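Enquirer: My questions are about this predicted structure, shown below with the sequence.
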Amino acid sequence: MAEKKWLPRWFYQLASPRWCYQICGKLLPWFTVAMLLLLVGGTAWSLAFAPADYQQGNSFRIIYLHVPSAILAQSCYMLMAVAGAIGLIWKMKIADLVAKSCAPIGASMAILALLTGAIWGKPTWGSWWVWDARLTSMLVLFFLYLGVMALNSAIESESTAAQATAVLALVGLVNIPIIKYSVEWWNTLHQPATFKLTEKPAMPAEMWVPLLVMVIAFYCFFAVVLMMRLRNEILRRERRSGWVKELLLSN
Amino acid sequence: MSEPLLKAEKLFCERDDRVLFDGLTFSVAAGEIVQIEGANGSGKTTLLRILSGLSRNYEGCLYWRGEAMEQVAEQYRSELLFFGHQPGVKALLTPEENLRWYQALHPSLERGDLRFALEQVGLRGFEDVPCHMLSAGQNRRVSLARLYLSKAPLWILDEPFTAIDKRGVAAKEALIRQHVDRGGSVILTTHQELTAVGAVRSINLDDQEGTR
Amino acid sequence: MSFDSFSEFLAMGGHGLYVWLSYALGLVLIVYNLLAPRRERKRLLAEQTRRLLREGNRQ
Amino acid sequence: MSDLYTNSGPVAGQLHIGRLFVATLRRDLMLSLRRKSELVNPLIFFLMVITLFPLGVSPESGFLSQLAPGVLWVAALLATLLSMDALFRSDFEDGSLEQLLLSPQPLYVVVLAKVLAHWSLTGLALTLVAPLIAVMLFLPAQGMPGLLLSLLLGTPTLSLFGAIGAALTVGLRKGGVLISLLVLPLYIPVLIFGSAAVQAAVTGLPVAGHLALLGALLAFGLVLAPLAIGAALRISVSG
């Protein structure tokens, strides 16, 4: 393994499922508390204290769910693809498991972004669905997630499934900017310069600070769910190893 | 004694929740015949696929001429001839067309006389008959004709004698013998008794720890 | 506070349906995402413990 | 004679990439041409999907001519997608794929040759019949060059991306539907730029920009897709 020396030590520690399981277990309560505080505080702030938008009124408050979930859906895909690549290149099991755990979270965040976008569209544009560039890109992202999940569940062998999914996720990651660009281009072609949902020239601080809080809260939520899912996957993958047996019998 | 051609260290493989082998270590020297034995489902084919580099679902290390397999994969492939479960013969092509493509694919196959090779496997006169008109055994022999053209030092053969008559088997054994005499090595599985190839070392997968 | 009364807060200036529907959906998805792995963990632990006991008995 | 195998130089040294490319292309074309019935299936499918639109929507010429660019592109896309599953399947089933992966020659070249062979019998064929079918949809004559050129530049990209899906699902018994699920999102940019090119040609706007975008997508696909296809094939065969 001489050729891998240039990687830092924690990288190898991460590669140990047992260490990873334990560190996730230790971190989980902290992240859970942070998530709960931020989510409750952020929701209260965005629903009751943030000012209403002068154009859209109170329907603007949907932004505090729509934007964080959209951001999370995108960064979750990125993490999934990067973890998949690490798993492919360095044959690191944990990375495969992280990638597998990411998919359902990202897909549900994409659904949330789509649904909130559609609901927001009703008071803004007067219809439940508009082929807006952002919503369309999000829909495509959701399709990409569905593809990854379908492929993963179609292949029986766990390691083959992980590798195939990683390739697909990487291909998707490379294509996402192209898809986004093409959809935006298509959008301007068909409905020139309409009113965009989340494009605000300058948002006042009392509007974007709660948004920031919600984004951080969503990231904490993501960390919590990811760690919970990862721990499950580790248990399943390592079910025959000594430490899992001990853990099971001590229960 | 020089470096062994192929070395396997602590191979571990599991399939469908079952450990096929664990800690399997062996090496194959030049001029050696190694027969992989074991009951059905003991992982013979899986092992051959791992050794050939087709299957990557294993743990452990493989070395080719003393170097890690991943680093010399391309060279290894140029020095390997693999005969797998499926013969890899296209039904819509003639034996000759099939072999021509293999020659383009594998530089280790001599560009010599295809007709000679086909004659050796008893397919003279079938050169331009589409393979779907041939029997299963004849299809396998089309693929086996590659052995007569091969310059590759290592042959990995999965059940090469299935669906081949006695005379054919004797001819293949003579060929293997010749290959070994020239310093080549063979790793194979077979249900038949090997009679005329000389010394055969066998590795039994049933004896492996972790296999029950 | 940008609302004067609780009923105004609920009405959201006429957009109550949309805002509350969005937040309800958000709540449902978040809670589901948190509960699903918990349930899965319980199921997994029980299943693997049973398997372990089963295999222990056999030997 | 025993020194024959100890020096490995000449065997590893000579890589006849050009010969390999031509041999693979020839082989795949020959295989397809010997199975003529399957050869025309994508074309028939293309024609049938096109027929559905006048029947399902309206046979009125003004309406159809407006719909034509998008419909032609969607139908071409679906026809390509439909033919994708067969790309590696027979090779996988008869063991040729294993031999292909065990070749010391660059997989990139073989994959590219296979995709090219596949494209010349699906994408290229679709492109050639598209003007005939466009007439049935009342596509204005000035749109024809745009249609031909956009299909010519766009369908190879469809084949390349589709081949990634085919390679990922080749080990699965039921790959067909799954391929569509994996590949359709990736087809979106090609569809957008392709149908926009036709539309622009119909309205008399310059199409060079659209075609340049399609060309860029193709160049991008040519460079990267074979790598993904090769990796996917190795994974599928390994499993």
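Expert: Sure, I can see it.

Enquirer: contact partners of stretch D:189-202?
Expert: Where contact means CB atoms under 8 Å, 6 or more residues apart in numbering or on different chains, the residues beyond stretch D:189-202 that reach it are A:175, A:178-179, A:181-183, A:185-186, A:189, D:65, D:68-70, D:72-74, D:77, D:139-140, D:142-147, D:149-151, D:154, D:157-158, D:161, D:206-207, D:210-211, D:213-214, D:217. (Each C-beta comes from the backbone N, C-alpha and C, glycine too.)

Enquirer: List buried residues within those residues.
Expert: By neighbour count, with 16 or more other CB atoms under 10 Å in any protein chain shown, the contacts of stretch D:189-202 hold A:175, A:178-179, A:182-183, A:185-186, D:65, D:68-70, D:72-74, D:77, D:139, D:143-144, D:146-147, D:149-151, D:154, D:157-158, D:161, D:207, D:210-211, D:213-214, D:217 as buried.

Enquirer: so of these, which ones are in helices?
Expert: A:175, A:178-179, A:182-183, A:185-186, D:65, D:68-70, D:72-74, D:77, D:144, D:146-147, D:149-151, D:154, D:157-158, D:161, D:210-211, D:213-214, D:217 (DSSP state H).

Enquirer: Could I get the phi/psi values of the residue in chain D that chain B sits nearest to?
Expert: Proximity of chain D to chain B (CB to the nearest CB) peaks at D:G95, 2.9 Å away. As for D:G95, its main-chain torsions (degrees, to the nearest 10) stand at phi 90, psi 0.

Enquirer: before we move on, which element is B:W155 in?
Expert: Assessed by DSSP states H and E, B:W155 sits inside strand B:154-158.

Enquirer: Parallel or antiparallel, list what pairs with that strand.
Expert: Strand pairing for strand B:154-158, using DSSP bridges, gives strand B:80-83 (parallel), strand B:185-189 (parallel).

Enquirer: can you tell which of the ones you listed is closest to A:L144?
Expert: The closest of the strands paired with strand B:154-158 to A:L144 is strand B:80-83. By CB to CB, the value is 36.4 Å.

Enquirer: for the closest one, the distance to its chain's centre please.
Expert: 5 Å (CA atoms, centre = their mean, to the nearest Å).

Enquirer: Same question for stretch B:24-42.
Expert: Using CA atoms, centre = their mean, the offset of stretch B:24-42 from its chain centre is 11 Å.

Enquirer: my guess is D:G221 is in a strand, correct?
Expert: No: using DSSP: H, G, I helix; E, B strand; the rest coil, the assignment for D:G221 is helix, not a strand.

Enquirer: give the contact list for it.
Expert: Counting by CB under 8 Å, 6+ apart, D:G221 makes contact with D:156-157, D:160-161.

Enquirer: one more time with 7 Å, if that's ok
Expert: Residues near D:G221 by CB atoms under 7 Å, 6 or more residues apart in numbering or on different chains: D:157, D:160-161.

Enquirer: ok and the residue in chain D nearest chain A?
Expert: In chain D, the residue that lies nearest chain A is D:G239 (3.1 Å; CB to the nearest CB).

Enquirer: Any idea how many residues pack against that residue?
Expert: Using other CB atoms under 10 Å in any protein chain shown, D:G239 has 19 neighbouring residues.
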